[in-house]
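> One predicted model, sequence on top.
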Amino acid sequence: MNTAGESTREMANERRKMRRLTAYSVLAIFVAGICVILVLMAYDRTIVKTWGIFGALVVMAVMLAVKFFLDRIDKTASDSMDFLHKREKDAIRGAEGEEAVGQILETFAQARHVVLHDVKSPFGNIDHLLFTESGKAFLIETKAHGGKVTLKKQTLLVNGKAPEKNFINQAVSNLLWLKGELDRITGEDTWVNTIIVFTNAHVPKLYVVRNIAVTNSRFLTKNLSLIDRNPTTVNLWPHVEQIKASLQGRAIPLRPMPEPSFYLYLNDQVKGPFSTDQIKTLLQADSAKADTPCCAEGTQEWQTVEALVA
């Protein structure tokens, strides 16, 4: 069984190894360059005596070329080392965040629930899965970014800027894959509660984007308890051992992502479902507008076409 933050710790170790390899490589290049200069200095009189002023110019040119090359290596290596060091620190911070959330989940679960960490999926590891005694499934992704998290036009921003990865799309990919696995195991149309948890950033309030909750780790236990009290249509608890064995014990095949479909509110009627391409055709024909109410199939949240599709 994997532990919280295990793969991220391994990533940090790999980046540390890469940084050390870079440092050793640069050191070897510098030693070789210095050796070339020392050899030239040792034989410069012989070269000048044999080749005259032409030999002196050759020695000077080679020494300048070696110095220029070493300067360039120094600058490139310095930038690479800084980048690798930052990436290593990011991975360590991420692992610490996953470990902190893992501890919260273990405390919440105690002996009543089942917690899985670092579960492999075709779209990157799922940080945490929680299966509660009431029959619910929770997919929890941990983010260790600092600063302030806000929501603008259904896009999460960290310190007013879009992060390097789209956290919502990443969570949706893992959510759809996991739901497919649970549907296959249970033979039912299952539901997965998905939460993105920030361990260091300030999240002013609970955001919900495409049915994915976004919160701070301080409020994770409270939100889990509230959701767990709600009724569920499919009880996963009788299948939990089979689910554990399936998610932990077999290779994960990459299956095609299901084509999303949407319902539109047109001419005072709910119509659909439509595929993304069909909606774009309706937009081009002016049969639908950017502000036409739109709802993704399988959800009850109505937004606009612009927010969900365009």
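Ah, there it is. Residues are numbered from 1 along each chain as shown.

> what about stretch 228-242, how long is it end to end?
End-to-end distance of stretch 228-242: 21 Å, with C-alpha to C-alpha, to the nearest Å as the criterion.

> pLDDT averaged over that stretch, what's the number?
Averaging the model's pLDDT scores along stretch 228-242 yields 86.

> All further residue positions should be reported with the first residue as 9.
From this message on, residue numbering opens at 9, which makes the last subject stretch 236-250.

> roughly how far out does that stretch sit from the chain middle?
27 Å (C-alpha atoms, centre = their mean, to the nearest Å).

> how about that stretch: buried residues?
Residues Asp236, Thr240, Val242, Leu244, Trp245, His247, Val248 are the ones in stretch 236-250 that count as buried (16 or more other C-beta atoms under 10 Å). Every residue, glycine included, has its C-beta placed from N, CA and C.

> Max pairwise distance over those: which two?
Asp236 and His247 (17.3 Å; C-beta to C-beta).

> mind giving me the domain ranges of this protein?
14-103, 118-257, 269-316 (automatic domain parsing).

> quick one: Cys302 and Trp310 touch, right?
Yes. Between Cys302 and Trp310 there is a contact at 7.0 Å, judged by C-beta atoms under 8 Å.

> got any residues that touch both of the two?
Jointly contacting Cys302 and Trp310 under the rule C-beta atoms under 8 Å, 6 or more residues apart in numbering are Tyr273.

> Of the two, give the one with the bigger neighbour count.
More crowded of Cys302 and Trp310, by other C-beta atoms under 10 Å: Cys302, with 24 against 15.

> quick one: contacts for Leu159?
Here Leu159 is in contact with Leu165, Tyr215, Val217, Val222 (criterion: C-beta under 8 Å, 6+ apart).

> Sticking with the last one, tell me its helix or strand.
Here Val222, judged by DSSP states H and E, is contained in strand 220-224.

> for the first one, same thing?
In this structure, Leu165 is located in strand 163-166 according to DSSP H and E.

> what does that strand rub up against?
153, 155-159, 170-171, 175-176, 204, 209, 215, 217, 222.

> just the angle between whichever helix or strand comes after that strand and strand 220-224, please?
Going down the chain from strand 163-166, the next helix or strand is helix 175-194, by DSSP H and E. Inter-element angle recorded for helix 175-194 and strand 220-224: 120 degrees (by axes from the mean of the first three to the mean of the last three C-alpha atoms, to 10 degrees).

> Please report how far Asn219 lies from Val70.
For Asn219, the distance to Val70 (C-beta to C-beta, to the nearest Å) stands at 67 Å.

> Likewise for Thr229?
Counting by C-beta to C-beta, the gap from Thr229 to Val70 is 68 Å.
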